[in-house]
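J.: Here you go, sequence then predicted model.
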Amino acid sequence: MTVPHTVEHIQKLMDCFANAAKCFGLTISLKKTEVMLQPRPGSSPPKRDIFVNDTALNVLDKFCYLGSVLSQNVEINDDITRRIGAPSAAFGRLETRCWKERGVGLSTKLQSIKL
């Protein structure tokens with residue numbers, strides 16, 4: 001697989017991909033297709049758009065892929081924040097249904113913490 005190092009190379013690869021898709025009768029969903037450019041360490045990302053059939057694709061700084069947050073600056077802070085926040089939010093939603101519910105016994109509440 002070729003790793004593109006310039007925006008022009010990325011655009012060329014996207015054009016080849018779009019042409020190949022067209023040859024097989026496939027279409028690229030422009031609403032779902034997004035681009036994230038990762039610059040070399042210490043350099044700023046280029047502010048150029050990538051196009052498919054004269055339509056600019058949405059350029060992102062970060063996105064969630066298979067449950068992990070990938071970011072343009074290659075730091076894991078956003079991923080750690082998401083991984084801590086999701087269970088914390090779920091635990092908080094149990095407050096009214098479990099922790100403050102008088103009909104739920106103490107042993108049941110303790111069992112839910114162990115899970």
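T.: Cool, got the structure. Everything numeric in this text was worked out from a predicted model, so none of it was measured.
J.: Poorly predicted segments of this protein, please.
T.: 1-4, 114-115 (pLDDT under 70).
J.: care to break it down by domain?
T.: Residue ranges for the domains of the chain, per automatic domain parsing: 1-60, 62-115.
J.: Would you format those as CSV with mean neighbour count included?
T.: No exception for glycine: its C-beta is placed from N, CA and C like everyone else's. Formatted as CSV, the domains of the chain follow (neighbours: other Cβ atoms under 10 Å):
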stretch, mean neighbour count
domain 1-60, 12
domain 62-115, 11
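J.: how about the strands in the chain?
T.: Taking DSSP state E as the criterion, the chain carries its strands at 34-35, 51-52, 55-56, 58-59, 62-65, 68-71.
J.: and the fourth one, how far from the chain's centre?
T.: Distance, stretch centre to chain centre, for strand 58-59: 12 Å (Cα atoms, centre = their mean, to the nearest Å).
J.: can you give me the helices in the chain?
T.: Ranges of helices in the chain, per DSSP state H, are 7-23, 77-94, 106-114.
J.: Residue 30: which of the ones you listed is closest?
T.: For these, proximity to residue 30 was assessed by Cβ to Cβ; helix 7-23 is nearest, at 10.3 Å.
J.: Remind me what that closest one packs against, helices and strands.
T.: Contacts defined by 3 or more Cβ pairs under 8 Å, 6 or more residues apart in numbering; DSSP states H and E place helix 7-23 against strand 51-52.
J.: and the strand it packs on, how far out from the chain's middle?
T.: On the basis of Cα atoms, centre = their mean, strand 51-52 sits 20 Å off its chain's mean C-alpha point.
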